[in-house]
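Novice: sequence first, predicted model second:
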Amino acid sequence: MKRDHDAIKLELERLTRSGVIRPVDVVEAAKNKKSPLHACFTWDDGEAAQQFRLLEARNLLRVYVTVEGVQAENVRAFVSLSTDRIKEGGGYRAIADVIGDDELRTQYLQDAFVQLRNLQQRYRSIQQLAGVWREVDKVEVQAKSTVSRGQKTRKHEKAKAA
């Protein structure tokens, strides 16, 4: 069923008139089959339960592990790369495997910059963050340069070995 994004936006704005919109209010309004929100939800309880279990599994895969070292820090145990998400079913990879592989690490870095740009879009109206985005610009240029040099080196090494 096609969704009317303008009608959905208007309905959400209507629900926000009190200043705060709560998910429970959105679901309640969506129960009405004539609501533009209705098609945004899975109303078959069996299918909805399965989708919820998949969401719980994704949340479970977002666990943190402690890495021992000079400074112990928490890092994600599994990450979802954009290249994996475009495949049927998506998936997660162990962070150690991603960091240990040049191509996967490059993809992970590219995904991080996409997420940073999304944050920048979301918070662009906050002037106090302008310096943060300038620093992101600098780091992104440096990272692209490093990746490019690494790719040229690997190509050269492969050609030399052949």
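Specialist: On my side now, so go ahead. Residues are numbered from 1 along each chain as shown.

Novice: isn't Trp133 up against Gln120?
Specialist: Yes. Assessed by C-beta atoms under 8 Å, Trp133 is found in contact with Gln120 at 5.2 Å. For the C-beta atoms, the positions are set from N, CA and C on the backbone; glycine is no exception.

Novice: mind listing the strands for this structure?
Specialist: 64-67, 73-76, 78-79, 93-94 (DSSP state E).

Novice: just for this protein, where's the confidence low?
Specialist: Low-confidence segments of the chain (pLDDT under 70): 1-2, 66-72, 149-162.

Novice: for stretch 32-46, buried residues please.
Specialist: In terms of neighbour count (16 or more other C-beta atoms under 10 Å), stretch 32-46 has its buried residues at Ser35, Pro36, Leu37, His38.

Novice: which ones are touching the last one?
Specialist: Meaning His38. By C-beta atoms under 8 Å, 6 or more residues apart in numbering, His38 lies in contact with Ala30, Lys31, Asn32.

Novice: in helices only, show me the residues you listed.
Specialist: Among those, the members found in helices (DSSP state H) are Ala30.

Novice: how close does the residue most central in space within the chain get to Gln107?
Specialist: By C-alpha atoms, centre = their mean, the chain has its centre lying nearest to Gln115, at 6.5 Å. Relative to Gln107, Gln115 is positioned 13 Å away (C-beta to C-beta, to the nearest Å).

Novice: quick one, helices of this structure?
Specialist: Going by DSSP H, the chain shows helices at 5-15, 23-30, 45-61, 82-85, 95-99, 102-122, 130-161.

Novice: who touches the fifth one?
Specialist: The one in question is helix 95-99. By C-beta under 8 Å, 6+ apart, the residues outside helix 95-99 that reach it are Val75, Arg76, Ala77, Phe78, Val79, Leu81, Leu104, Arg105, Gln107, Tyr108.

Novice: redo those as CSV? Include distance to Leu61 and neighbour count.
Specialist: Converted to CSV, those look like this (distance: C-beta to C-beta, whole Å; neighbours: other C-beta atoms under 10 Å):
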residue, distance to Leu61, neighbour count
Val75, 14, 12
Arg76, 9, 15
Ala77, 8, 15
Phe78, 5, 18
Val79, 9, 21
Leu81, 13, 17
Leu104, 16, 18
Arg105, 19, 15
Gln107, 17, 18
Tyr108, 15, 19
